[in-house]
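Asker: structure, please.
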Amino acid sequence: MSATTPSFKSLRLSQADYDRRASRVKHPEDALKSGRNTPKLKIVGENEEVKKVLRKSSGVAGQDWILVPYDSKADTVRKVMQRVEKIIRIPTKHWVLAGDGTVFRTHKRIASFDHFKQSQSPPIEVILLPTSDEDDWVPANRKPGKWKRFRLKAPPTSELPANPRARAQTLFPLMDTADSPHWAEYIVHRQAAEARVDETFEGLDYLEDAAYWKMMREVTLKSLNGEDDLTEEECKKIADAVSNVSLDVVDEGDEYIQDADVSTRIHSLVAPKSVDMHLTFNHRTGMNSVQCSYAIGFRINNKPLPPLENYPENRRVNCMHAGNGWKTFGWFYLDERRAEHSACPVSARDLKQVHDALFGPTTKGKLGERMSLRGTAKLMLASVGVAFDIALDEEDKNENGDGFRRNHDAHMELDAKKPGISAAHLRKICGIPPLEGDDPADLSIEQVVPLERWRRTYGSDGEYDSDDNEQYSDEDGHGHSSSSEEGREYVTIYRR
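Answerer: Below you'll find the model as predicted:
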């Protein structure tokens, strides 16, 4: 505590001063009717300053904690804090409530925190933490991996195995591992990547791109739907192997994403390997213009590498992911005449190499046999926030969809006549029979879809001639803008 920071106990108001303050600061009436059977929270302090305040407030000699009633279903953290404030008489702006390595954000219901789902007997303990201590307390008490679905309780560092492979198996939910001289590096790099996710989820509710983070976490697990040979436990282990390491998102103030730059690492579950994924996306609409482009690339790391800090900028999406081991999954852009350009060059060989690096070869009884190429492709896309289905047949298509899935909290406009990510192409390279209506073109090479147009020619008498369904096409694939001639006006109406 610096010399200029007042002691916590000095912030406690007299009863008269608190009553005057309470008369000026009106809170909604507390609907909780406290009785003998009403559950209580035990408010405790970690430093002596807080304990002094609690001893003074408890009214019991030597008791450095207080009990506060709460409604486990309806209460927000703010409501609980208001009850605490009445007892300790220190305004809530000077302190927070914490526990289980988390500072409880005031706007959230306490039912949303696992800490309050434990048995209420004895009373659940909650830490009263001065705001001046918050920045130091959070990193010192953070519990890694709270975002994970498969909770693996690792022993203390002093009890970890000395052998790097055995240590990795203890720290992470791995399967079917083989010996390798690179397990020690795998541990270092995976812990570094997961630490970034830990830090993000600690303050997720205050991030502008929180919706995208939550969406990625959700679609990653959902991408494994349909992998019927995997157990629920194995799906959670695979989803937890995905660590987003860099995210920069701009939206329109709603669910529509304007710009996204996403880098994610997928850690192997069987070997000290990984796959890096990168997405860049841009979408803008104006009165008379539309800009849209995206590219997704991947890199197989057959030896451990530090997590990617950021991806080098390159404005040409069709060749963005080339060199240094990077390959292109798919890309798309609209040119200045709104013609679509796209390709989905990922190949069956690419998917097999990613599959084997992450899950191992298709050896009987092993993870690699239970995880399909289709599931691998869906996981790769989901890891950067692209929810995508690859229907197995017409029944699957009608039941679960095919292609891009819309997310109502963070949505990217990725669909097109020939999108850069094609369910038809992915079916082909995954060995799935084509569905009715699948594009027969070789979608691994560049496709160009010019706009169809109708030219309505208005004369001086107000009548018009219509060249319906006239499709324009130039050698360069570009269309024409509207134009005019003497005495006549040409209005070009575009459609897909």
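Asker: check contacts around S342.
Answerer: G330, W331, F332, Y333, A416, K418, P419, G420, L443, E446, Q447, V449 (C-beta atoms under 8 Å, 6 or more residues apart in numbering). Yep, even glycine has a C-beta here, placed from its N, CA and C like the rest.
Asker: that one should be in a strand, yeah?
Answerer: Yes. S342 forms part of a strand when assessed by DSSP: H, G, I helix; E, B strand; the rest coil.
Asker: which secondary structure elements does the host helix or strand of E234 sit against?
Answerer: Counting by DSSP states H and E, the element that carries E234 is helix 232-240. On a contact count with 3 or more C-beta pairs under 8 Å, 6 or more residues apart in numbering; DSSP states H and E, helix 232-240 meets helix 210-222.
Asker: which strands and helices sit next to the helix it packs on?
Answerer: Secondary structure elements in contact with helix 210-222, counted by 3+ C-beta pairs under 8 Å, 6+ apart, are helix 232-240, strand 242-251, strand 257-267, helix 373-382.
Asker: just put the ones you listed in JSON lines and tack on distance to R299, mean neighbour count and mean pLDDT.
Answerer: As requested, the helices and strands packed on helix 210-222 are arranged in JSON lines below (distance: least, C-beta to C-beta, whole Å; neighbours: other C-beta atoms under 10 Å; pLDDT from 0 to 100):
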{"stretch": "helix 232-240", "distance to R299": "19", "mean neighbour count": "20", "mean pLDDT": "96"}
{"stretch": "strand 242-251", "distance to R299": "13", "mean neighbour count": "20", "mean pLDDT": "89"}
{"stretch": "strand 257-267", "distance to R299": "10", "mean neighbour count": "22", "mean pLDDT": "93"}
{"stretch": "helix 373-382", "distance to R299": "11", "mean neighbour count": "25", "mean pLDDT": "98"}
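Asker: ok, which of those comes nearest K79?
Answerer: When the helices and strands packed on helix 210-222 are ranked by distance to K79, counting by C-beta to C-beta, first place goes to strand 242-251 at 30.7 Å.
Asker: make a markdown table out of the helices and strands packed on helix 210-222 and add distance to K397.
Answerer: Converted to a markdown table, the helices and strands packed on helix 210-222 look like this (distance: least, C-beta to C-beta, whole Å):
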| stretch | distance to K397 |
| --- | --- |
| helix 232-240 | 22 |
| strand 242-251 | 26 |
| strand 257-267 | 26 |
| helix 373-382 | 13 |
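Asker: so which of these comes closest to D198?
Answerer: strand 242-251 (9.7 Å).
Asker: so what touches that closest one?
Answerer: Applying C-beta under 8 Å, 6+ apart, the set of residues contacting strand 242-251 from outside is 190, 193-194, 196-197, 200, 208-209, 211-213, 216, 220, 257-267, 307-311, 379, 382-383, 410.
Asker: let's see that with 6 Å instead.
Answerer: 193-194, 196-197, 209, 212, 220, 257-266, 307-308, 310, 383 (C-beta atoms under 6 Å, 6 or more residues apart in numbering).
Asker: ok, stretch 71-85 next?
Answerer: Among residues not part of stretch 71-85, those counted as contacts by C-beta under 6 Å, 6+ apart are H27, L32, I43, V68, Y70, T92, F104, T106, K108, R109, I110, A111.
Asker: list just the nearest of those residues to H182.
Answerer: Of all these, the one sitting nearest H182 is F104; the distance, using C-beta to C-beta, is 40.4 Å.
Asker: could you measure from the residue nearest to that closest one when sequence neighbours are not counted over to F113?
Answerer: What sits nearest to F104 in space, not counting adjacent residues and going by C-beta to C-beta, 6 or more residues apart in numbering, is V77, at 4.5 Å. Here the criterion is C-beta to C-beta, to the nearest Å. By it, V77 lies 8 Å from F113.
Asker: more crowded one of those two?
Answerer: In this view V77 and F113 are compared by other C-beta atoms under 10 Å, and V77 has more residues nearby, 22 against 15.
Asker: how near is K397 to P122?
Answerer: Taken as C-beta to C-beta, the spacing of K397 relative to P122 amounts to 54 Å.
Asker: what helix or strand is V60 on?
Answerer: Secondary structure assigned from DSSP H and E places V60 in neither a helix nor a strand.
Asker: give me every residue that touches T177.
Answerer: The neighbours of T177, taking C-beta under 6 Å, 6+ apart as the test, are V270.
Asker: again, only using 8 Å
Answerer: Applying C-beta under 8 Å, 6+ apart, we find T177 in contact with R165, A168, Q169, V270, A271.
Asker: check contacts around the residue nearest to the fourth one when sequence neighbours are not counted.
Answerer: What sits nearest to V270 in space, not counting adjacent residues and going by C-beta to C-beta, 6+ apart, is G360, at 4.1 Å. Remark: with contacts taken as C-beta under 8 Å, 6+ apart, G360 is in contact with D176, V270, A271, K366, L367, G368.
Asker: would you mind writing the CA trace of stretch 109-117 as PDB?
Answerer: Taking Å, rounded to 0.1, in the frame of the first residue of the first chain, the C-alpha atoms of stretch 109-117 are listed here in PDB:
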ATOM      1  CA  ARG A 109     -26.000 -13.700 -11.300                       C
ATOM      2  CA  ILE A 110     -24.200 -15.700  -8.600                       C
ATOM      3  CA  ALA A 111     -25.800 -18.800 -10.000                       C
ATOM      4  CA  SER A 112     -23.500 -18.400 -13.100                       C
ATOM      5  CA  PHE A 113     -20.400 -19.100 -11.000                       C
ATOM      6  CA  ASP A 114     -19.300 -22.600 -10.100                       C
ATOM      7  CA  HIS A 115     -18.100 -21.300  -6.700                       C
ATOM      8  CA  PHE A 116     -21.700 -20.800  -5.600                       C
ATOM      9  CA  LYS A 117     -22.900 -24.300  -6.700                       C
END
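Asker: so where's the longest helix in this protein?
Answerer: Among the segments of the chain that qualify as a helix by DSSP state H, the longest is helix 183-202.
Asker: the inter-axis angle of it versus helix 210-222?
Answerer: For helix 183-202 and helix 210-222, the angle between their directions (axes from the mean of the first three to the mean of the last three C-alpha atoms, to 10 degrees) works out to 130 degrees.
Asker: list the contacts of S372.
Answerer: By C-beta under 8 Å, 6+ apart, the contact set of S372 is E227, C430.
Asker: one more time with 10 Å, if that's ok
Answerer: Contacts here follow C-beta atoms under 10 Å, 6 or more residues apart in numbering; on that basis S372 touches 226-230, 351, 355, 359, 362, 378, 390, 392, 430-432.
Asker: and if you look at F332?
Answerer: Applying C-beta under 10 Å, 6+ apart, one finds that F332 lies in contact with 281, 292-296, 317-318, 340-344, 414-416, 418-421, 447.
Asker: tell me what it is bridged to.
Answerer: Each beta-bridge partner of F332 is listed here, defined by DSSP bridges: Y294, S342.
Asker: per-residue pLDDT, it?
Answerer: pLDDT, the model's per-residue confidence, is 95 for F332.
Asker: so where is the stretch 51-200 of the chain shaky, pLDDT-wise?
Answerer: The model of the stretch 51-200 of the chain has pLDDT under 70 over residues 144-145.
Asker: where along it do the helices fall?
Answerer: In chain order, the stretch 51-200 of the chain shows helices spanning 77-88, 131-141, 164-171, 183-202, with DSSP state H, counting those that start in this stretch as the criterion.
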